[in-house]
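> take this sequence and fold it.
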Amino acid sequence: MTQLPGPTPKKLGLVIDLDTCVGCHACVVSCKGWNTENYGAPLSDQDAYGANPSGTFLNRVHSYEIAPKDAPAQLVHFPKSCLHCEDAPCVTVCPTGASYKRADDGIVLVNEDACIGCGLCAWACPYGAREMDMDAGVMKKCTLCVDRIYNENLPEEDREPACVRTCPANARHFGDFADPESNVSHLVAERGGIDLMAEQGTKPVNKYLPPRPKTDAQPEAEIDVLAPLLSPVATEAHGFLGWLDKTLDKLPGGAT
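Here you go, the predicted model:
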């Protein structure tokens with residue numbers, strides 16, 4: 001069994017904003033691309049263009065329709081990947097030491113050379129965040145793009161996880177939770193960031209920002225801001241469209 005380190009000086013992880021995520025799957029695509037085409041270990045696919053495709057992904061997005069009490073139903077997109085737990089059961093259950101937690105920054109990784117593909121780590125993970133790569137015969141999981149965040153060959157702005165870098169809605173944030181002044185610490189404090197399945201006692205580093213409740217009523221301030229944009233930009237058609245309108249009006253029955 002692998003031993004967990006003591007408290008780490010850094011706690012690197014993600015904040016995922018469920019209120020902002022639009023379910024576009026850009027994070028899924030960029031993660032797959034980076035880990036297949038660049039520095040990361042390749043993620044295989046089986047029968048990718050056939051009748052029963054399957055493959056290995058380190059990040060997935062699930063969508064759920066929820067109906068809060070006294071509020072309209074809403075669609076919530078829920079990204080899921082390894083949460084890099086402080087008390088990671090996937091690490092302590094590993095018989096070969098292939099699963100381990102880094103003592104410097106708390107990132108949970110897999111040494112693929114030592115992995116025997118027994119699947120115990122996937123069984124122990126309450127989040128379903130590990131996947132067996134059928135071609136390689138080993139377990140794979142989110143690495144928090146450790147090959148990007150410390151890569152001095154990349155521009156500084158690219159030294160963050162690929163999923164964070166590519167998110168068009170700015171729903172994913174990366175930082176050090178051990179630093180109370182970091183961006184992720186501020187987000188968690190301001191928006192009430194939560195642990196996923198806290199009752200499991202794994203103390204996940206990654207946090208989720210809950211979706212804000214939606215209402216049927218539109219604030220008057222929003223209407224005031226949008227009103228000028230909703231006004232017609234022209235009262236009479238000119239040019240070709242003007243000629244077309246006049247021509248159609250001359251037809252029996254008028255324009256349709």
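> tell me how this structure divides into domains.
Per the record, the chain has its domains at 12-209, 221-250, by automatic domain parsing.
> return the distance of the first one from the chain's centre.
Averaging C-alpha positions (C-alpha atoms, centre = their mean, to the nearest Å) puts domain 12-209 7 Å from its chain's average.
> ends of it, what's the gap?
17 Å (C-alpha to C-alpha, to the nearest Å).
> that one - what's its average pLDDT?
Mean per-residue pLDDT for domain 12-209: 94.
> just the domains of the chain: most buried one?
Of the domains of the chain, the one with the most neighbours on average (mean count of other C-beta atoms under 10 Å) is domain 12-209, at a mean of 17. The C-beta positions use only the backbone N, C-alpha and C, and glycine is treated the same way.
> now the domains of the chain as TSV including distance to G6?
Output for the domains of the chain, formatted as TSV (distance: least, C-beta to C-beta, whole Å):
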stretch	distance to G6
domain 12-209	8
domain 221-250	50
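> tell me which of those sits nearest to L4.
domain 12-209 (5.5 Å; C-beta to C-beta).
> isn't K101 right next to A88, touching?
Yes: in this structure, K101 is within contact of A88 by C-beta atoms under 8 Å, at 5.7 Å.
> if we ignore the residues flanking it in sequence, what's nearest G117?
G137 (4.7 Å; C-beta to C-beta, 6 or more residues apart in numbering).
> now do that neighbour against G119, distance only.
Separation of G137 from G119 (C-beta to C-beta, to the nearest Å) stands at 11 Å.
> cool, T56 as well?
14 Å.
> who touches both of those two?
M132 (C-beta atoms under 8 Å, 6 or more residues apart in numbering).
> mutual contacts of K101 and A88, please.
L4, V108.
> keeping just the C-alphas, turn stretch 161-179 into CSV.
Taking Å, rounded to 0.1, in the frame of the first residue of the first chain, the C-alpha atoms of stretch 161-179 are listed here in CSV:
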residue,chain,number,x,y,z
PRO,A,161,-4.2,23.0,-17.2
ALA,A,162,-5.4,22.7,-20.7
CYS,A,163,-9.0,22.6,-19.7
VAL,A,164,-8.6,25.9,-17.8
ARG,A,165,-6.8,27.6,-20.7
THR,A,166,-9.4,26.6,-23.3
CYS,A,167,-12.6,27.2,-21.3
PRO,A,168,-14.6,29.9,-23.3
ALA,A,169,-16.9,30.7,-20.4
ASN,A,170,-14.2,31.1,-17.8
ALA,A,171,-15.9,28.4,-15.7
ARG,A,172,-12.6,26.7,-14.7
HIS,A,173,-10.0,28.3,-12.4
PHE,A,174,-6.6,26.9,-11.3
GLY,A,175,-4.5,27.9,-8.3
ASP,A,176,-3.1,27.1,-4.9
PHE,A,177,-5.7,26.5,-2.2
ALA,A,178,-3.0,26.7,0.5
ASP,A,179,-2.6,30.4,-0.3
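> picking up where we left off before, P5 is nearest to which of the domains of the chain?
The closest approach between P5 and any of those, judged by C-beta to C-beta, belongs to domain 12-209 at 4.0 Å.
> element containing the residue most central in space within the chain?
Nearest residue to the geometric centre of the chain (C-alpha atoms, centre = their mean): P79, 4.3 Å. Here P79 sits within strand 74-80, counting by DSSP states H and E.
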